[in-house]
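*Asks:* Generate coordinates for the sequence data below:
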Amino acid sequence: MTIGEKIKKIRCHLGLSQENLAKDIGCGVATISRIERGMAECDENMLKAIKAAMGIKNAPFSDAEIAAYRESLFVWLELMAHRRIDDAKDLGSELAVILNLPFERDLIMLYHLYDAGLCITIGDFDDAENKMNSLDKAKMNGEHLFQYYRNLGTLCFRREDYERALEYGLRAIDYSEYTRGNLAAAYYSIAADYSMLSQPVRAIMYLEEARKRHKNTPLSILSVFIEHVLCKSYLLLNESERAKPILDAALTKAEAIGVKLGRKKYIGMILNLLGVYHMKRSEHKEALAYFNKAHEYFWVGGLDYFHNSYYKARCLLELKQAAQAKELAADVLANATNSERFTMLFDGLRKEMHFKENGSAENIENVIIPYLIGKSELFFALDFCEHLECRYKKAGNSKKANEIAIIMRDIYAKIIFG
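*Replies:* Numbering: from 1, shown residues only. Take a look at the predicted model:
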């Protein structure tokens, strides 16, 4: 498409007449007409004047400008990935100029997809979903479909629908050959889905691939995320010694990122796993110290706060500090009113602490454990199974202990085989 043809399409798209455009730049209507028909040259100064008059000063016309625009799209994604929300919003506003270029269908589609991704990043899920639904998937190429499924996967993950998130994440990988970006984040997302579905073996497979693809940028938020989920998976599989050196290195990275970007939550995430590491080694005093430190970095009511509180309560019980554990459980239940998952988890923990009360054991076995299994919280379910089996054995109730052992066997099969 010639420069003149582009000018005409944009002018018509904006509803401008040749007369109005000519008046705005101070030339004759005939000049505009001849430029649009390719009968007159449009030099650099004239093109700048026409762009300014149409309000598209930074619109990409030449091949070099289009290449630069594409680079800016990838910068936009990086800003989102690093949670630099204000910068991402500003750049997004600048890049919206492409919407005035109806002939740039490829770049317009990418812009819409990245714009929906920004909505997901800032937590405006309904707006993101509406933007995604407005797009015509039939008009998408491989590059578009990669980002389309990445967006859907991330949206489902943020809404805690991990099975659908995994489905979309795997679909995105099918189109990975069409994207020029680093695929480490895509592989990490699939690993995170498997992790949330309590399938650490499969999570590790994708995490190793993500680490390999991200090895040249070790000091990044994604690097900390990858190593966090990798160590979590190792710990769940009781491979604590494989996790420890990675955790030590990840803590140093998280501290550096916390200082650089002001994102200190990542420090708490690693401290929490160091607490889990010491719990696995029955070093409960050391574990409690890490959980207490981690608590300082989480906002009350957040996912990380609830997870850390659970392990902290378990640790307090091991240290025979039941009163503090009960107080913590009550505090979490007061703040978990919008989270059915954690309300059930801590209600089960509270009933475990009042095991001798009538109906507590039955409620844990028939309500709490099935609920956790249904939500793919298999390791939390195992915690309750192990404690319940132990209580039944101490009470001499071998029949009930065997029933719990069968449930545990089925849970382990789910963890290993999916």
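*Asks:* can you give me the helices in the stretch 101-250 of the chain?
*Replies:* Using DSSP state H, counting those that start in this stretch, the helices of the stretch 101-250 of the chain run over residues 105-122, 125-133, 142-158, 162-174, 184-196, 200-213, 221-236, 240-261.
*Asks:* and after the last one, which helix or strand comes next?
*Replies:* Where DSSP states H and E defines the elements, the next helix or strand beyond helix 240-261 is helix 265-280.
*Asks:* and that following helix, what does it pack onto?
*Replies:* helix 221-236, helix 240-261, helix 284-295, helix 303-318 (3 or more CB pairs under 8 Å, 6 or more residues apart in numbering; DSSP states H and E). Every residue, glycine included, has its C-beta placed from N, CA and C.
*Asks:* give me the element Ala330 is part of.
*Replies:* Following DSSP H and E, one finds Ala330 within helix 322-335.
*Asks:* got the buried residues for that helix?
*Replies:* Buried positions in helix 322-335, judged by neighbour count with 16 or more other CB atoms under 10 Å: 325-326, 328-329, 332-333, 335.
*Asks:* and what of stretch 360-380?
*Replies:* Neighbour-count burial for stretch 360-380 [16+ other CB under 10 Å]: 360-361, 364-365, 368-369, 371-373, 375-378, 380.
*Asks:* ditto for stretch 5-23
*Replies:* 6-11, 16, 18, 21-22.
*Asks:* Just the residues you listed: which are in strands?
*Replies:* The members of the buried residues of stretch 5-23 all map outside strands under DSSP state E.
*Asks:* I'd like the residues you listed as JSON lines, with distance to Leu237 appended.
*Replies:* What follows is the buried residues of stretch 5-23, written out as JSON lines (distance: CB to CB, whole Å):
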{"residue": "Lys6", "distance to Leu237": "58"}
{"residue": "Ile7", "distance to Leu237": "62"}
{"residue": "Lys8", "distance to Leu237": "63"}
{"residue": "Lys9", "distance to Leu237": "58"}
{"residue": "Ile10", "distance to Leu237": "58"}
{"residue": "Arg11", "distance to Leu237": "63"}
{"residue": "Leu16", "distance to Leu237": "64"}
{"residue": "Gln18", "distance to Leu237": "70"}
{"residue": "Leu21", "distance to Leu237": "67"}
{"residue": "Ala22", "distance to Leu237": "72"}
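*Asks:* Nearest to Glu160 among those residues?
*Replies:* Checking the buried residues of stretch 5-23 against Glu160 with CB to CB, the nearest one is Ile10 at 43.5 Å.
*Asks:* The closest one and Tyr162, how far apart?
*Replies:* As judged by CB to CB, to the nearest Å, Ile10 and Tyr162 stand 44 Å apart.
*Asks:* which residues touch the residue nearest in space to the middle of the chain?
*Replies:* Centroid-nearest residue in the chain, with CA atoms, centre = their mean: Thr154, separated by 5.5 Å. Applying CB atoms under 8 Å, 6 or more residues apart in numbering to Thr154 gives the contacts 117, 120, 165, 189.
*Asks:* Over to Ile270?
*Replies:* Ile270 touches 224, 228, 247, 250-251, 254, counting by CB under 8 Å, 6+ apart.
*Asks:* Leaving out sequence neighbours, find the closest residue to it.
*Replies:* Distance criterion CB to CB, 6 or more residues apart in numbering; nearest residue to Ile270, sequence neighbours excluded, is Leu251 at 4.6 Å.
*Asks:* Now do the one you found, the pLDDT please.
*Replies:* According to the prediction, Leu251 has pLDDT 95.
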